[in-house]
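Novice: coords please:
(one chain, ligands or ions: 1)
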Amino acid sequence: MLACPICASSDTVKNGCIHTGKQRFKCHDCGRQFVEQPTQKVIDQATRELIDRLLLERISLAGIARAAQVSQQWLQTYGNEKYAKVPRQVPVTPKKRGD
Ligand SMILES: [Zn+2]
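Specialist: Numbers count the residues shown, from 1 in each chain. Below is the predicted model:
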């Protein structure tokens, strides 16, 4: 049986399927449910901060993904969200008075 990714116990049972059809498991020790090879891996804050710093360097996304051990797909999405939040530097044109 698949080992629990949370507590590493092998005391797990099959527990139905998720909407994508993947097998879902439940851990008897910690009670958490999990799926095999989850598509949405949770990236912790420390890794995000590391990636933030790496993004400022001239490193390819593939290189960052390898260094931070995240998928390139996730990194791409994360990077896009990051850039979307950065306010664009729009040159301010002073309003003409009167006219
Ligand atoms: Zn567990």
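Novice: Ala67 and Leu54 touch, don't they?
Specialist: Yes: counting by Cβ atoms under 8 Å, Leu54 is a contact partner of Ala67 at 6.4 Å. Heads up, the C-betas are built off the backbone N, CA and C, glycines and all.
Novice: and those two? which has more neighbours close in?
Specialist: Shown here are Ala67 and Leu54; by other Cβ atoms under 10 Å, Leu54 has more neighbours (16 against 12).
Novice: Show me the residue sitting in the middle of this structure in space.
Specialist: Ile43 (4.6 Å; Cα atoms, centre = their mean).
Novice: For Cys7, give me its contacts.
Specialist: Listed by Cβ atoms under 8 Å, 6 or more residues apart in numbering, the contact set of Cys7 reads 27, 29-30, 32.
Novice: Residue ranges in the protein under the pLDDT threshold?
Specialist: Within the chain, the stretches with pLDDT under 70 are 1, 37-41, 88-92, 98-99.
Novice: Determine how far the helix ranked longest in the chain lies from the middle of the whole chain.
Specialist: Assignment by DSSP state H gives helix 72-85 as the longest helix of the chain. Mean-position distance between helix 72-85 and its chain equals 9 Å (Cα atoms, centre = their mean, to the nearest Å).
Novice: List the buried residues for it?
Specialist: Neighbour-count burial for helix 72-85 flags 74-75, 78 (criterion: 16 or more other Cβ atoms under 10 Å).
Novice: next one: stretch 22-29
Specialist: 25-27.
Novice: near the ion, which residues of the protein?
Specialist: Applying Cβ under 5 Å from the ion, we find that the chain lies next to the ion at 4, 6-7, 9, 27, 29-30.
Novice: Nearest to Cys17 among those?
Specialist: Here the nearest of the residues of the chain next to the ion to Cys17, counting by Cβ to Cβ, is Cys27; it sits at 16.7 Å.
Novice: quick one: the closest one and Thr12 touch, right?
Specialist: Yes: counting by Cβ under 8 Å, Thr12 is a contact partner of Cys27 at 5.0 Å.
Novice: Done for today, thanks.
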